[in-house]
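1. Attaching a predicted model along with its sequence, questions to come.
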Amino acid sequence: MLASLITGAKDIGSFQNTLQNGNGGFGGTGIHSGAHFTIGSDPGGDFYTSPNDPAFFVLHGGIDRLWTIWQGQDLNNRMQVMAGGTSMMGGGVQKLTDIVDISNVAAKTYQMKELMSTVDGPFCYVYE
């Protein structure tokens, strides 16, 4: 599934849908959503419980790495793309100008477009 996710998804929407729902379409279990059912000592995958498990951070590091590999295959056309809603249950359509407020840990806000690269903006890391 990982290889087909990385090479088969030609746009951000299909990448995200496969990552979340697998090949089963909406309501299926993909790499990301399926892993949450085993993290946080909750077989139901409680969204608020899973960050209490150290495995959560390994999972999300892996998800970030997958996205970075996918993005790097066509960097010029995938650097500033996103899809989905502004909340877990949809919300409004995300925009690159949406604000990410991290004032609980630093006196800073970012626009999403400033956070799309791991080697630019506030980040400075690569996966090997």
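-> Now that the structure is in, tell me what you want to look at.
2. Lys108 contacts Ile102, correct?
-> Yes - the pair Lys108 / Ile102 is scored as a contact, 5.9 Å apart, by CB atoms under 8 Å. (Glycine included, C-beta is placed from N, CA and C.)
3. what is in contact with those two at once?
-> Residues touching both Lys108 and Ile102 (CB atoms under 8 Å, 6 or more residues apart in numbering): none.
4. need the longest helix for the chain.
-> helix 55-72 (DSSP state H).
5. If you count neighbours, what's buried in the following helix or strand past that helix?
-> With elements assigned by DSSP states H and E, the helix or strand that comes after helix 55-72 is helix 75-78. Residues Arg78 are the ones in helix 75-78 that count as buried (16 or more other CB atoms under 10 Å).
6. helices or strands up against the helix or strand of the chain with the lowest mean pLDDT?
-> Lowest mean confidence among the helices and strands of the chain (mean pLDDT, DSSP states H and E): helix 31-36, at a mean of 78. Helix 31-36 sits against helix 12-21, helix 55-72, with contacts defined as 3 or more CB pairs under 8 Å, 6 or more residues apart in numbering; DSSP states H and E.
7. for it, which positions count as buried?
-> Quick answer for helix 31-36 (16+ other CB under 10 Å): 31-32, 35-36.
8. on that earlier part again, give me the distance from the longest helix of the chain to the chain's centre.
-> Chain-centre distance of helix 55-72: 7 Å, with CA atoms, centre = their mean, to the nearest Å.
9. what's in contact with stretch 65-73?
-> Taking CB under 8 Å, 6+ apart as the rule, stretch 65-73 contacts 2, 5-7, 9, 15, 19, 31, 78-79, 118, 127.
10. Take those and lay them out in JSON lines including distance to Leu59.
-> As requested, the contacts of stretch 65-73 are exported to JSON lines (distance: CB to CB, whole Å):
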{"residue": "Leu2", "distance to Leu59": "14"}
{"residue": "Leu5", "distance to Leu59": "15"}
{"residue": "Ile6", "distance to Leu59": "17"}
{"residue": "Thr7", "distance to Leu59": "22"}
{"residue": "Ala9", "distance to Leu59": "19"}
{"residue": "Phe15", "distance to Leu59": "17"}
{"residue": "Leu19", "distance to Leu59": "12"}
{"residue": "Ile31", "distance to Leu59": "9"}
{"residue": "Arg78", "distance to Leu59": "22"}
{"residue": "Met79", "distance to Leu59": "24"}
{"residue": "Thr118", "distance to Leu59": "17"}
{"residue": "Tyr127", "distance to Leu59": "15"}
